[in-house]
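Peer 1: need a 3D model of the following:
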Amino acid sequence: MAITSETGALGNDKHNALREGLAALRRGALYNIISFVLIVAGGVFMIASSLAAMGGIAVPAEAPMGPEHATRIIGRVLLATIPYFAAIALGLVLAILAWIVWRRAATHLSLYDPSYGIGATGALLVLIGYVIILLSIVVAIALVSSGVVGLALAAFGGMFLGALISFIGGVMFAIMLLRLDKIEGGLKIAGILLLVGMVLSIFNMSVGAALLLVTSILVYYYSGIALSKLESGQTGVVSSGATSG
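Peer 2: Purely as a prediction, here's the structure:
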């Protein structure tokens with residue numbers, strides 16, 4: 001469908017905001033896809049390497065494992081899994097970066113249509129939730145190491161709070177994707193899957209993570225289609241005040 005855009009600087013600004021928003025949306029999706037691959041692959045290879053490293057240590061059958069054997073096993077396991085720890089850490093960094101980029105995307109899109117601003121707020125909540133979860137984990141480990149178990153339980157409560165905030169943020173971002181069906185209908189499917197994934201993650205984290213991966217793939221694909229249509233003048237809507245014909 002051909003587009004009819006607003007004329008003048010305002011129309012150009014909206015056009016640029018839409019293009020920048022879609023490009024950032026696609027870039028964030030790519031970061032999420034790479035993040036998922038790194039975390040999953042790193043976890044699988046880390047477990048495999050740990051088992052292989054432990055199997056490579058000979059323990060005398062006539063004597064129980066002593067401190068020397070335990071130290072050797074731990075050392076070999078740590079040495080063997082360092083690359084995979086690094087891959088998982090990089091994946092986590094990319095996951096956070098993806099939401100930073102998605103917040104930037106939603107901010108651009110809100111300049112095109114203010115109703116998309118809910119996505120920027122949602123992405124910010126997800127990031128705040130991640131920070132609370134990470135800080136709670138660090139505090140909990142420190143408290144348990146110090147023997148202060150009671151306060152460590154309170155830190156675990158902080159993890160729950162962070163997860164709740166991220167959940168709310170994810171739902172808000174999904175709502176923005178649903179509204180983007182005015183730009184590209186396939187993004188609505190991504191929004192639905194994200195909503196379903198957020199709910200299912202409460203009961204099964206693996207299923208929720210898998211649906212987030214599928215969501216990211218769909219966002220990457222359909223935002224690319226929307227960009228192509230925008231550049232060729234085929235997008236159904238160019239500005240919030242435009243009419244299509």
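Peer 1: after whatever helix or strand Leu135 lives in, which helix or strand is next?
Peer 2: Assigned by DSSP states H and E, Leu135 belongs to helix 117-145. Tracing the chain C-terminally past helix 117-145 and defining elements by DSSP H and E, one meets helix 149-179 next.
Peer 1: and that following helix, average pLDDT?
Peer 2: Averaged across helix 149-179, the pLDDT comes to 88.
Peer 1: stretch 85-93 too?
Peer 2: Average pLDDT, stretch 85-93: 84.
Peer 1: what's the answer for stretch 46-58, then?
Peer 2: Mean predicted confidence for stretch 46-58 is 63.
Peer 1: picking that back up, tilt between the helix holding Leu135 and helix 149-179?
Peer 2: 160 degrees (axes from the mean of the first three to the mean of the last three Cα atoms, to 10 degrees).
Peer 1: quick one: helix 117-145 to chain centroid distance?
Peer 2: 13 Å (Cα atoms, centre = their mean, to the nearest Å).
Peer 1: buried residues in it?
Peer 2: 117-127, 129-130, 132-133, 136, 139-140, 143 (16 or more other Cβ atoms under 10 Å). No exception for glycine: its C-beta is placed from N, CA and C like everyone else's.
Peer 1: then stretch 200-218?
Peer 2: Within stretch 200-218, the residues scored as buried using 16+ other Cβ under 10 Å are 200-201, 208, 210-213, 215-218.
Peer 1: now the angle from the longest helix seen in the chain to helix 149-179?
Peer 2: The longest helix of the chain (DSSP state H) is helix 8-55. Relative orientation of helix 8-55 versus helix 149-179 (the same axes, to 10 degrees): 140 degrees.
Peer 1: what helices or strands is helix 8-55 leaning on?
Peer 2: Other elements packing on helix 8-55 under the criterion 3 or more Cβ pairs under 8 Å, 6 or more residues apart in numbering; DSSP states H and E are helix 67-112, helix 205-232.
Peer 1: of those helices, which shows the lowest average pLDDT?
Peer 2: Per-stretch averages of pLDDT across these put helix 67-112 at the bottom, with a mean of 80.
Peer 1: in the chain, which residue is most central in space?
Peer 2: In the chain, the residue lying closest to the centroid (Cα atoms, centre = their mean) is Ala95, at 4.3 Å.
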